[in-house]
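> Here is my input, please return the structure:
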Amino acid sequence: MRIALITGGASGLGLASAQRLAADGLVVAIADLNPDKAASAAASLPGQGHIGLAIDVTDEASVRAAFDAAQQRLGPVTVLACFAGILSSQSVPGRLPTVDITIAEWDRVMQVNARGTFLCVREMLRRCAGRTVEQGRIITVASLAGQMGGMQSGAAYSASKGAVLALSKVAAREAASLGITVNTIAPGPIDTPMLQQTVAPGHGDQKYLGTSQVPLGRIGLPEEIAAAVSYLVSPGAGFVTGATLDVNGGMLMR
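Below is the predicted model:
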């Protein structure tokens, strides 16, 4: 039985990925800042034994406690997917120009996206204590914004996702001897509430302002990110590590 811990799993891309991994036969611990939403989301998954947990990925003790709870109730975590993240701390939608970014805004976005991913990855590796993990997997989540420089999102978000990309490559090298692969998914515009946060007021019900730049002519679906997660977690991806899987409709080709 493989145990997956998914941070930010109560909604959006995290929930879609939790649903897919549960359908694939994994037992899933959904960890979220809102424990009630996490428990409700876990109860909705296919299969049996899934649980919801509280986590604040910016807090070292909270991350440790979530891993403790998952291990005590389910068993050692062998799959970690880091979906907890924010676009901005501001309540008003739309891209925040660099000149308007406060220290508080910068720090908060970096805390959740970069520090949060670091703390979760570090905890996963620490718990191995040098032991090999069969089919061990870590999935981090970057963004097209971290590769191309903002576009519809601001500097803080883009920089935080650039940090995730670099962290993941370091972790992939260090985790290889433990049998754990570390890969990053870099979504482009995906139909989630976070994407709609990039649209400033005055644009009606538009979900994204850059659809014309997408070669495939549409925004992506959460299920398409979940499919990428399913592959990277699968036994068939056992020789893939340190990779960035672009799911962006062709906006970045390399």
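> I'd like to know which helix or strand in the protein has the lowest mean pLDDT.
Within the chain, no helix or strand scores below helix 193-196, which has a mean of 70 by mean pLDDT, DSSP states H and E.
> And the next helix or strand after that one, what's buried?
Sequence order places helix 222-233 as the next helix or strand after helix 193-196, per DSSP states H and E. Residues 222, 225-226, 228-230, 232-233 are the ones in helix 222-233 that count as buried (16 or more other CB atoms under 10 Å). All C-beta spots, glycine's among them, are computed from the backbone N, C-alpha and C.
> So which elements touch helix 222-233?
Judged by 3 or more CB pairs under 8 Å, 6 or more residues apart in numbering; DSSP states H and E, the packing partners of helix 222-233 are helix 12-23, strand 79-82, strand 136-141, strand 180-187, strand 244-247.
> Contact partners for residue 14?
Residues near residue 14 by CB atoms under 8 Å, 6 or more residues apart in numbering: 6-8, 30, 32, 81, 83-84.
> any low-confidence regions in the stretch 151-254 of the chain?
For the stretch 151-254 of the chain, applying pLDDT under 70 flags the ranges 195-210.
> number of nearby residues for residue 105?
Using other CB atoms under 10 Å, residue 105 has 18 neighbouring residues.
> let me redo that: residue 138
Residue 138, neighbours per other CB under 10 Å, totals 28.
> same check, this time on the one 3 residues further on
When neighbours are counted by other CB under 10 Å, residue 141 registers 26.
> pretty sure it is touching residue 85, no?
Yes. Look at residue 141 against residue 85 with CB atoms under 8 Å: they come within range, at 6.5 Å.
> Would you state the strands of the stretch 1-150 of the chain in chain order?
3-7, 27-32, 51-54, 79-82, 136-141 (DSSP state E, counting those that start in this stretch).
> give me the beta-bridge partners of residue 180?
Beta-bridge pairing of residue 180 under DSSP bridges involves residue 136.
> how close does residue 143 get to residue 70?
Here residue 143 is placed at a distance of 26 Å from residue 70 (CB to CB, to the nearest Å).
> Just want to know which of those two has more residues nearby.
When residue 143 and residue 70 are compared for neighbours, residue 143 comes out ahead with 28 against 24, by other CB under 10 Å.
> How about that one: what's its closest non-neighbour residue?
In this structure, residue 143 finds its nearest non-sequential neighbour in residue 161, 4.2 Å apart by CB to CB, 6 or more residues apart in numbering.
> tell me the contacts of residue 33?
Contact analysis of residue 33 by CB under 8 Å, 6+ apart lists 54-56, 84.
> ranking those residues by neighbours, who comes first?
These, ranked by neighbours (other CB under 10 Å): first place residue 55, 30 neighbours.
> Nearest residue to the most centrally placed residue in the chain in space, please, no chain neighbours.
The centroid of the chain falls nearest to residue 83 when counting by CA atoms, centre = their mean (2.2 Å). Leaving out its chain neighbours, the residue that sits closest to residue 83 by CB to CB, 6+ apart is residue 14, at 3.4 Å.
> Now render the buried residues of helix 222-233 as CSV, adding distance to residue 24.
Shown next, in CSV, are the buried residues of helix 222-233 (distance: CB to CB, whole Å):
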residue, distance to residue 24
222, 16
225, 14
226, 10
228, 13
229, 9
230, 6
232, 12
233, 7
